[in-house]
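Engineer: 3D, please:
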Amino acid sequence: MAESDGPAALIAGLPEEVMFRAGQFGLIATREGFDHARDWLDGTIATIQANVDHLERLLAEHLPGVVLRRPAASYLAWLDLRALGWGDDPAAVAEQRARVALSSGPSFGRQGAGFVRMNLACAPETITEAVQRLAAARR
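Structural biologist: Next up is the predicted model:
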């Protein structure tokens, strides 16, 4: 075994559940975040709320048939794209035609047909470009 293989072997030997839980450093980071990062958190929440408002305005202007379900305690918005006629999985159409990656609604259950989920934890310019691409792709 090469010396560089040691860390990989160590990680591979850990129990599977370790890969899906916070370790000691995750616990420390979480505690520090709650104790000392309130300003950052408040700013992040304000930014995401501003992005939701921005998305709502863009949809009204460029894609008036698309319905936004404003996120509650999340940075992920649900969009009802059924008015575009892009079928049960409009995320696939959005990726193919508009080069916009969205989460597929049907992957969350059959009630997600015709819906996508959009990540709003990004720059407002990214949201603008995504909506403009989607609008251009419907034509």
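Engineer: next one: the top helix by length along the chain to chain centre, how far?
Structural biologist: Ranked by residue count under DSSP state H, the longest helix found in the chain is helix 38-62. Centroid separation between helix 38-62 and its chain, computed with C-alpha atoms, centre = their mean, to the nearest Å, is 13 Å.
Engineer: If you count contacts, what does that helix end up packed against?
Structural biologist: Under the contact definition 3 or more C-beta pairs under 8 Å, 6 or more residues apart in numbering; DSSP states H and E, helix 38-62 sits against strand 67-69, strand 76-80, helix 124-137. The way it works is simple: take the backbone N, C-alpha and C, and place the C-beta from them, glycine included.
Engineer: would a markdown table of these with mean pLDDT be doable?
Structural biologist: Below are the helices and strands packed on helix 38-62 laid out as a markdown table (pLDDT from 0 to 100):
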| stretch | mean pLDDT |
| --- | --- |
| strand 67-69 | 97 |
| strand 76-80 | 97 |
| helix 124-137 | 98 |
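Engineer: Deepest-packed of the ones you listed, please.
Structural biologist: strand 76-80 (a mean of 19; mean count of other C-beta atoms under 10 Å).
Engineer: Now render the helices and strands packed on helix 38-62 as a markdown table, adding distance to Ala8.
Structural biologist: Formatted as a markdown table, the helices and strands packed on helix 38-62 follow (distance: least, C-beta to C-beta, whole Å):
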| stretch | distance to Ala8 |
| --- | --- |
| strand 67-69 | 42 |
| strand 76-80 | 33 |
| helix 124-137 | 34 |
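Engineer: That concludes my questions; thank you for your assistance.
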